[in-house]
Each structure stands twice: as C-alpha cells, then as structure tokens.
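In: pasting the sequence and the predicted model now:
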Amino acid sequence: MKEVRFHGRGGQGAVTAARILALALFREGKIVQAFPFFGMERRGSPVQAFLRFSMVETIAIRTYVYAPDYIVVLDPTLFKTVDILSGLKDNGLAIINTTEHPSKLGLKVKNIATVDATTISLKALKNRIVNIAMLGAFASATGEVSLKSVFEATKESFTERLAKPNIQAAKMAYQETKLHNLG
Amino acid sequence: MKTTEDELLMPGHGMCPGCGAAIAVRQIMKILGKETVILLPPGCIAPATTKEDAFKFRIPAVHIGLAHGAAIAAGVSAALEVKGMRNVTVLPLIGDGGTADIGLQALSAAAERNDNILYVCIDNEAYMNTGMQGSASTPMGAYTTTTPFGAMAPLGKDRPKKDLFKIISDHEALYAATACPSYLADFRRKFEKAKHIHGFRYIHVLCPCPTGWGFPTGKTVEMGRLAVKTGIFVLAEAKLGQIKVTNKVKRRIPIRAYFRLQSRFRHLKDEHIKTIQEHVDRRWEAYMRCLEA
Amino acid sequence: MDKSMVLTGNLAAAYGAKLSRPQVVAIYPITPQSEISEKMAAFAVEGELEAKVFRVESEHSAMSILVGASMAGARAFTATSSNGLFYMHEMLSFAAGARLPIVMGVGNRTAPPPWNVWCDHMDTMLQRDTGWLQLYVEDVQEVLDTIIQAYKIAENDEILLPIMVCLDGFTLTHTSEGIKIPSQEDVDDFLPAFDSKYSLEKSLKEDKPICLSHLSPPQASFMEYKYLQAEASNHSKKIIKEVDKEYGERFGRKYGGLFKEYRVDDAEIVLIAMGSISTTAKAMIDEFRKKGVKVGSLKLRSYRPFPAKELRETLRHVDVVGVLDRDFSCGYTGAVYSDTAATLQKIEDGPKVVNFIVGLGGRDVTFDHFRHMMKRLLKVAEIGEIEREGEWVGVRF
C-alpha cells in the first residue's frame, strides 16, 4: 500500500486532485481510499488531502496519513506556513509545483520532482488551478498510474468544457516534470 | 498588526476574501462598542472567529446552536438585566438559514414578547458555510445545491424569498430595519438608533457573498449597491409596524444588470428573468404603497 | 449490470437511497452529511428520483414530514447528524412507537459544546432508547448496501420499525472509495414496493377508518403495544441476519449480519468496535498475530437490537474483551461497554471486559492508541485481573 498527501490552499482543488487520482487508480484495478483533512477551511487557507492505494490487499487503516510515500504540493507559498515534508518516508518523493531549482527550495528531502505547473495551467486553462496538471506530474514522477488513466478519470469527473484543457495541462506537466536526486 | 480601540473584530479571522458579512460585522462592532455580547450559531462567522486558539472578538461571545438564536439571546439579556446591566447589547448574529428557516419560531416569539435583544440577520441568501444549500431567504431564480436547476426546475429556486423584515414589522416590533454595508451611512444610522432602544430590535443585513454568489472578490460593495438599485433589496425601517423606505430609488435598474454578474443566476433564460422582474416589480410597488399609507 | 464508481460515503448513501425508491424525502444541511441532501436534490431535479423532495426548514420538520408520509403509506428517507438528530428527537420516538419503517442515514458527529463537527458516536448513542434500530457501517460500499438492506428489514411485516444507518462523519462521509452500484432492476427485485397494511391510504381506499397513535390510558393497551414493539425489535435480529444473507447471495456482498468477526475463533483477546475504526482494528490484529499473540476483533454492526445472546456465544472462549466506545455516558462509562459487559458477565468464567473511550470529537484513533490498548489487555490476560474498568485513550492529561 502507498500513501500520498496533497498540499494546497482552499479553492485550489487539492481534494479534487486526490479524488480524481483515486478514480484513475481505481479504473486501473487498484483499491483506493481518498479523503480531505477534515476541517472547515476557507478559500486561501492551507488544506491537505490524502490518498491510499493498494494493488492487492484491502486497505486496513482509517487514520490520517502520517508517513506518506509521496507528497504533492500545489502551491509553493505553503512552505512558509506548513511543514509540507512532515512524515515523508525516508525514500519518499516530493512532487512540487515550482519555478525554482530544487536545490534552491531549502527542503530536506532526497527525492524531489519539480514542474512549473502554474505556467502550464495559465497556458492551458487561463487560470492558476494546477490540480490536474499536478496529476500529470505525479504520473510522470512516480509511474504509479498511467497518464491515460488520469485523462480518463478527468473526463469522467468534469464536463467536456472543463476536461479538455485540464487534460492538456496534465499532458504538458507529464512531459515537463523533472526528477532530481538531492542525495 | 495595530488596530484602533474601536476595532472589536480582530484581523486574521478566517472569513473568505471579499466577504460581505465580514464588512458588516466589523462595522456593527464599531458602532455597538464594548458593552456587547455576541451570539454566533453555526454559519460563516463562528468557525472563522471562535476557534479555540484564535478567538477574534474583543467582546464576550458564545457559539450557540442554530434554532434558538433569539431564545438564547433573550435569556442572556434577561439575566444581565437582573444583574443591573441594562445597557449591554445582546447581539444574536444569525444567518438567513437560522432566521428564515429553523430559527423563525424563536424569532417570532421574541418579537411578540418584546424581548430586549438586537437580532441581526446576516443574509447571504443560503446556508453558505455548509456549502451553499438553499434557505427560505434564497431569492427566486438562484441556484443553490438544494435548489439546483434542471429539467424539473428550470429556475432553480422557484419560490420567492421570505420577506423577514416585513414579517417582523407585522409583529409590531419596536424597531425593525433592513441594511446593507454598501450603504454605510444608512447602515450606521440604523445600528446607532437600534443600540439605544430597549426592547426587541431586528435588523436584516444583506451580505453579498463572492464565494457563493459567484462574483469577483473585489465587487462585494458594488453587488450590494446593485441589489438596492434594482429594488430587489429595499432599504427600509419600521417602528411598531409602520414601514418607511429609507433609500427611495428613483428609477430602478433592470434585475438583469444584477443577475448577469453572478454565476448563481447564470442558468436563467429570458423568460425566467421576465417572470422574476415582474415579481420584483410587484414587491416594490407594495413597498411604495406603504409610503403613501 | 453493476456500475462501479469512486464515491464518498455521503454519495453512496444517496445512491443507496435512490435505488431504494423512496417516495418522500426530506433534506436539510448539516455537516457532515449535507452532501446527501444535495445529491438527493440533484437526483430529483434531473428526473432520476421519483420522490417528493422537501427542502425543510428544520430537522424536526424533516422527521415530522416523513412520519406523516409513512403513516399515509409512502416509503420515506432523510439524513442528518448530531444537532439535527437532537432537534428531531421527539419525532424519533414517535416514528418507532407508530411502527413506521423509515430509514435515515446519520453521519455520526459529536454532541457540542465545545463546538465540534467531527466524528464520534454521541449523536446516535443519545437516540439509543428511542426504539430505532441502529446499524453501524465500516466502509463506503457497506453504506450503500446497508441502506437498501435497511428498507427490507424495516418493512418486514413482523418488524415495522425505523432504522438509522450510521456512517462515521468525515471518515466515511467524506472519504472516497471504489464501490459497485447495483442496477435498479436488481434492487427492485430484492426490495419490492412498500405495501403497508396499516396506512391512511389503506384506511381511505378500503373505507375502514383507523385512528393512528390513538389515546391509550394505563388501563387500556399501552403497555401491550410497547411489548409488541419490544418483541419486534428482538425478532429483528433474525431478520437482520436473513436479509444480509439474502443480499450476499444476490449481490455478492454481505456484512456478517449482526456483527463481523475477524480472527476471533481461536483468539484469547478480542477488541470490539463500531464504525470505521473497525478497519484500523484489523490491521492491529494482524500486527499482533505476527508477534504470536492470539488476538481478534469484532465489528459490531447492529447496536440496536443488541445481539446479547449472539455475543455470549461467540466470545465465550475469550479471556479478555476490550470494548472501544466513541461515546461516553456521563455519570457512568461507555454505552457499548455497558451493554457488552452486562451480557458477557453472565458467562461463568467468562471473559474479563475492559472499556476504552476513544476518538471523541473526531480525534484520530491511531495505531499507537491501539498498541496501548492491546498492552492493557495483555496485562489483564496475564494477571487475570482488571486494574482499571475504563480508560480514556488518546486524551492529553
């Protein structure tokens, strides 16, 4: 079983991202469990969402995710207020929306993937909602889900008008995501 | 962050950017001053201001339930009076769901008994905090998650908004009024007046909500102005049932100008807008007749 | 044909309700079940739900409307939580006493103050004696399946009692899992239309005037009516088991009827829990089994009717039972513990029973909490004595 934690701000679609990724993995035959940090956060406040997925065994746990294998960060301004790396497994991977080079982020993490999802979303969606783009980044960086499944799950969850540009954003992010090993 | 002494709602609360209720509450606090007890039910304001580690008022507050705003307030007020504290304003700040729906029984009773409270309805026209479900105060034609539009209901909400100001006026309450923070002078005058009356007072405040109504966060004040200029929201007051319009709009603008700026009305077709316009016209005429009488 | 979707517990409840073809539905928002109300409204407006959907002004009216509808002969549904449930409390006794097979989804949430919208079982525990049957579910699939099962149980001629299907607030209401949705045809086959014998509809159609909820003074048959109500609820244990079995045969999923055991057969220590923490309990059982400790867990699904005899039979051989309560009865201790200990103590040389109060107000019940509880139970097993009858686990004093 693998565990993922998403970090975003209210209104950025972190919870939706977890849900759509869950759907993508489910359609690939995995067992999934996705849920938000249970709070009443206003637009702009930091939010977290969680996802567990497993190929074989049922997921026999219903606590919060305390030791994620993957962390996905939608909003780089969160570093200042939230300990986004909290509990990340030793060989875990952080996937971050940023324009900076990972060595400049000041994060104590070995494995990190970066992508400028904001620019991609501005191009594809004409807004800064990067959640689906980051799913493309996830697919690329982890290999845990196929990009095609992300596309299908997005189509299943959104109207056609919304799905098309989001799929475009996911595709671009998939191509531009870079993996780094900071040792 | 430094604040002036009259600032009783502290910065750093969790209400949405552009929240009309936040503007209203802040102004109300400045006018009512420190001799105030505020009662907040589940809604937009309470979770944002009454957290265990982030209490944002400089006056005593209680997080109450939803159905009993007027009743709990009456109890607080009566006890304070027994203790010789006649001049404290007991302020239940209740949303439109808690006023037009579940709290109407208690509100009506408090008005009838003339309980000494200043009941303020914070009207953002839906149960916004729980995700925008419809209330009796949701206007005709508005989309909410429980008045969705579709094959069976093209308008979304197809019944009119309850006119709570009129209902309370009909109770011959000592003082009832409508207000909107977009008209600040009128707003201040009414709260100042209400502060000095002993007995049951009701002020119904329209609070535009960018998150729920679907407009940019910088347009809150403009949205309130349009609500009044279309005649959809009438600024008025009533003493013992005698209604007086306090901001007579000489030539109302068509409601379309208001509707087209909010995504909650986006589904309406021309014939729906026509129906709603006729309804707004009728209500406006009724208010104008109050003036003549 | 089954459809498969990823849904939250709230949406699963809405789909389960929709498939059950309610004729009258009442909706009102309250965290954490507002999504159920929204989805029922959405179904109705799209023509997918042939029901009169009331957007009510309060939960008291929600249950009042359903009582009226059910008395007239219609199948009825609503959902609520916590303070909403408290506001309809008067009408809960009414529904049960009037023998109305209403089904209600409850997103379990605590009883404030302090203000708190998160999960524990206080809200439904406080309704324990209203006469409603209570089924507690563990995962999102079970939410959907149990609502359908509930109508079949409730409408059984020998039962005719209302049922609340309890799903943990947030941990189930807001959690998305992949589930199967049965087809309408299959559900119709399993759950035929509601045909009540004692309705206002029948009274009018057959021109046989009846008086529902008639005045019944002490010397009349009040106590006899209550006896029949009690008998029906006892008998419902059998029906709950049968309906779950039949559901399993038809849809391929069943939930143990009154409770579901996990590695209990040869266990020396057993944990009892209700709701979503039953899932985490199983992971703990596996962890301790790997260390060679003979432990098991039991997910209590039916709290009312309380399966006293069945629990005695199943746990007779066990040395120590730890009962997890996500509630407490101020002035005594956990409710599930009280009922469980009372019945297990009837067994000569039976298990020692210990109470743990956990997860109040949504406090996460973690692996560490479980490990602590296990240690306690192992100690009791070792020394053969209960040091502390009850303990609050995870509290910061």
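Out: Received it, and whenever you're ready, just let me know what you need. Numbers count the residues shown, from 1 in each chain, chains lettered A, B, ... in the order given.
In: CA atoms for contacts and neighbours, from now on please.
Out: OK.
In: show the contacting residues for residue B:48.
Out: Residue B:48 makes contacts with B:13, B:14, B:15, as judged by Cα atoms under 8 Å, 6 or more residues apart in numbering or on different chains.
In: that's a helix at it, yeah?
Out: Yes - assessed by DSSP: H, G, I helix; E, B strand; the rest coil, residue B:48 belongs to a helix.
In: need the nearest residue in space to residue B:277, chain neighbours excluded.
Out: residue B:255 (6.4 Å; Cα to Cα, 6 or more residues apart in numbering or on different chains).
In: got the phi and psi for the one you found?
Out: phi -60, psi -20 (degrees, to the nearest 10).
In: next, count neighbours for it.
Out: Other residues near residue B:255 number 20, with proximity taken as other Cα atoms under 10 Å in any protein chain shown.
In: so it makes contact with residue B:233?
Out: No - assessed by Cα atoms under 8 Å, residue B:255 is found out of contact with residue B:233, at 11.0 Å.
In: distance from stretch B:152-163 to the middle of the chain?
Out: 19 Å (Cα atoms, centre = their mean, to the nearest Å).
In: could you list the domains of chain C?
Out: C:3-251, C:260-392 (automatic domain parsing).
In: what's the closest of those domains to chain B?
Out: Closest approach to chain B among the domains of chain C (Cα to the nearest Cα): domain C:3-251, 4.4 Å.
In: near chain A, anything from that closest one?
Out: Yes - Domain C:3-251 reaches chain A (Cα under 8 Å from any Cα of the partner chain) through C:5, C:6, C:118, C:170, C:171, C:174, C:175, C:176, C:177, C:178.
In: please flag which of the residues you listed sit within strands.
Out: Among the residues of domain C:3-251 next to chain A, DSSP state E puts C:5, C:6, C:176, C:177, C:178 in strands.
In: for the chain, which segments count as helices?
Out: Since no chain was named, I'll use chain A. For chain A, the helices defined by DSSP state H cover A:14-27, A:117-125, A:131-142, A:147-157, A:160-176.
In: think we crossed wires, I meant chain C
Out: C:9-19, C:34-45, C:59-72, C:82-87, C:89-97, C:122-125, C:140-154, C:184-190, C:200-205, C:222-251, C:277-290, C:308-315, C:335-344, C:367-383.
In: weakest of those helices by average pLDDT?
Out: Lowest mean pLDDT of those: helix C:200-205, a mean of 91.
In: ok, and for that helix, which residues are buried?
Out: By 16 or more other Cα atoms under 10 Å in any protein chain shown, the buried positions in helix C:200-205 come out as C:200, C:202.
In: tell me what that helix is packed against?
Out: Counting by 3 or more Cα pairs under 8 Å, 6 or more residues apart in numbering or on different chains; DSSP states H and E, the packing neighbours recorded for helix C:200-205 are helix C:59-72.
In: tell me where the model's unsure across chain B.
Out: Counting by pLDDT under 70, chain B contains low-confidence ranges at B:1, B:291-293.
In: same deal with chain A?
Out: Using pLDDT under 70, chain A drops low at A:41.
In: and residue B:238, that's in a helix?
Out: No - counting by three-state DSSP, residue B:238 is not found in a helix; it is strand.
In: tell me who's in contact with it.
Out: Per Cα under 8 Å, 6+ apart, neighbours of residue B:238: B:169, B:173, B:174, B:175, B:176, B:177, B:244.
In: who does the fourth one bridge with?
Out: When bridges are called by DSSP bridges, residue B:175 pairs up with residue B:201.
In: residues touching it, list them.
Out: Counted by Cα under 8 Å, 6+ apart, residue B:175 has contacts B:169, B:194, B:200, B:201, B:202, B:237, B:238, B:239, B:240.
In: same check on the first one?
Out: Taking Cα under 8 Å, 6+ apart as the contact definition, residue B:169 lies against B:175, B:176, B:238, B:239, B:240, B:241, B:242, B:243.
In: sticking with residue B:105, tell me its helix or strand.
Out: Element membership for residue B:105, per DSSP states H and E: helix B:104-113.
In: interface residues of chain A facing chain C?
Out: So chain A meets chain C at A:19, A:22-23, A:26, A:31-36, A:38, A:60-64 (Cα under 8 Å from any Cα).
In: let's see it at 10 Å
Out: Neighbours of chain C within chain A, by Cα under 10 Å from any Cα of the partner chain: A:18-20, A:22-27, A:29-40, A:50-53, A:58-64, A:66, A:156.
In: and these, which of them are in strands?
Out: A:31, A:32, A:33, A:34, A:35, A:36, A:50, A:51, A:52, A:53.
In: what residues does the fifth one make contact with?
Out: Read that as residue A:35. Neighbouring residues of residue A:35 by Cα atoms under 10 Å, 6 or more residues apart in numbering or on different chains: A:5, A:15-16, A:18-19, A:22, A:48-52, A:64-65, C:8, C:170-177.
In: what about residue 80, how many residues nearby?
Out: Because you didn't say which chain, this covers chain A. 8.
In: if you could check chain C rather than the one you did, that'd help
Out: As a measure of burial, residue C:80 has 30 neighbours, counting by other Cα under 10 Å.
In: hang on, it packs against residue C:37?
Out: Yes - Residue C:80 lies in contact with residue C:37 (Cα atoms under 10 Å); the separation is 8.8 Å.
In: so what sits against both of the two?
Out: C:26, C:27, C:28, C:29, C:30.
In: want to throw those residues into CSV with neighbour count, distance to chain B and pLDDT?
Out: Listed next are these as CSV, based on neighbours: other Cα atoms under 10 Å in any protein chain shown; distance: Cα to the nearest Cα, whole Å; pLDDT from 0 to 100:
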residue, neighbour count, distance to chain B, pLDDT
C:26, 27, 11, 97
C:27, 27, 8, 96
C:28, 27, 8, 97
C:29, 30, 7, 95
C:30, 26, 7, 96
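In: what residue in chain B comes nearest to chain C?
Out: Counting by Cα to the nearest Cα, chain B gets nearest chain C through residue B:101, at 4.4 Å.
In: skipping adjacent residues, who's closest to that residue in space?
Out: residue C:57 (4.4 Å).
In: residue contacts, residue 10?
Out: No chain was given, so I picked chain A. A:40, A:41, A:42, A:43, A:44, A:45, A:46, A:47, A:48.
In: I was thinking of chain C, sorry if that wasn't clear
Out: Applying Cα under 10 Å, 6+ apart, the residues contacting residue C:10 are C:16, C:32-39, C:79, C:105-107, C:140, C:143-144, C:167, C:169-170, C:172-176.
In: returning to what we had before: now the contacts of residue B:48 as CSV including neighbour count?
Out: As requested, the contacts of residue B:48 are exported to CSV (neighbours: other Cα atoms under 10 Å in any protein chain shown):
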residue, neighbour count
B:13, 19
B:14, 23
B:15, 22
